[in-house]
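>>> Quick one: sequence and predicted model below, then my questions.
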Amino acid sequence: MTAQVIDGRAFAAGLRARVAEAAAAFEREAGRKAGLAVVLVGEDPASQVYVRSKGKATLEAGMASFEHRLPTDTAQFDLLALVARLNADPAVDGILVQLPLPAGLDEKAVIEALDPDKDVDGLTPLSAGRLASGLPGLAPCTPLGCVMLIKDHLGDLSGKDAVVLGRSILVGKPVAQLLLAENCTVTIAHSRTRDLAEVVRRADIVVAAVGRAEIVRGDWLKPGACVIDVGINRLPPADGEAKGRLVGDVDYASASEVAGAITPVPGGVGPMTIACLLRNTLVAARRREGLGEIEI
Ligand code: NAP
């Protein structure tokens, strides 16, 4: 069997186009653009790239982008004051604080200071609680993107066996909650799980969010499984390479011989994160203006 490739780039482009349409309708109804504020503290090169592409995507979707760049030596008090200003700013519907923060800043306290109704990254304890309780809220972007891809591929997920590898607050736990909400039977595996291969072999759906290059191999999979690879790992450079290759948590070559469908790395889950961030910003904006919920 050769697995169908789940094209996250194409799905994300479609989602961004739907968000742009919904953003135009929002502007007509609310008399203003939906707005996303992104806060970047320090000079981390990867974070700078992410922030730039988030700003560009926000503008392309017809939304307002507010970028706040603060120096590495920013005091906790000043960062919290900025978050408080953004919480109170009526033009701001979503706030994203780019992580990781420089050493010395208390990430947890900054996240907890965010207005949960503007928490478009879904990271506050209240957002996590709403997700676990089945209340309307904002789910973290990467997990939301994973489940959108799975539903697009499989349709109704009721009764499917899903195994999530990883239990982080950012990815594993929210993916598991979203799959549970879709009526999957969910197992969460982690570094202490015994016989991981045997656990994974039960799954109709595998979501790998471990951060270990290519640990999930083809012979771990149930034939026909839908495999979502969240991992982004850089291999050491091979001879003649300046940089090592980017690979996922799944050994793509062997897994694609057994799986029914699989996301590539790059081009699978990665592009869904920004698309879902834009989607969440629009959902937050509509709620803040008292406009009805829409499916995007
Ligand atoms: P994380 O916080 O490091 O969590 C990793 C999880 O994997 C932990 O729950 C850990 O278990 C588990 N784990 C580690 N080694 C394991 C092993 N050998 N067997 C089974 N489980 C193991 O990572 P994360 O933030 O969730 O991210 C996971 C991966 O996704 C990373 O590669 C990251 O770069 C990528 N990622 C991609 C996107 C994107 O595509 N946009 C977004 C976010 C993250 P314990 O809890 O027991 O330690």
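Nice, I can see it.

>>> How many residues are close by the nearest residue to Gln4 once chain neighbours are set aside?
Leaving aside its sequence neighbours, Gln4 sits nearest to Ala261 (CB to CB, 6 or more residues apart in numbering; 4.4 Å). Just so you know, the C-beta spots here come from the backbone N, C-alpha and C atoms, and that holds for glycine as well. Ala261: 19 surrounding residues under other CB atoms under 10 Å.

>>> buried stuff in stretch 5-17?
For stretch 5-17, a neighbour-count test (16 or more other CB atoms under 10 Å) marks 6, 8, 11-12, 15-16 as buried.

>>> I figured the residue nearest to Gln4 hits Ile6, correct?
Yes: the criterion here is CB atoms under 8 Å, and Ala261 meets it with Ile6 at 5.3 Å.

>>> who touches both of the two?
153, 226 (CB atoms under 8 Å, 6 or more residues apart in numbering).

>>> Looks like Gly244 contacts Ala213 (just checking).
No: look at Gly244 against Ala213 with CB under 8 Å: they stay out of range, at 9.4 Å.

>>> out of the buried residues of stretch 5-17, who's nearest the ligand?
Gly8 (8.8 Å; CB to the nearest ligand atom).

>>> Now do that closest one, the pLDDT please.
Looking at Gly8, its pLDDT reads 98.

>>> which residues touch it?
Contacts here follow CB under 8 Å, 6+ apart; on that basis Gly8 touches 145, 149, 263-264, 267-272.

>>> where's it relative to Pro264, distance?
From Gly8 over to Pro264 the distance is 8 Å, taken as CB to CB, to the nearest Å.

>>> Does the longest helix along the chain reach the ligand?
Secondary structure of the chain per DSSP state H: the longest helix is helix 8-30. No: counting by CB under 6 Å from any ligand atom, the ligand has no neighbours in helix 8-30; the shortest distance is 8.8 Å.
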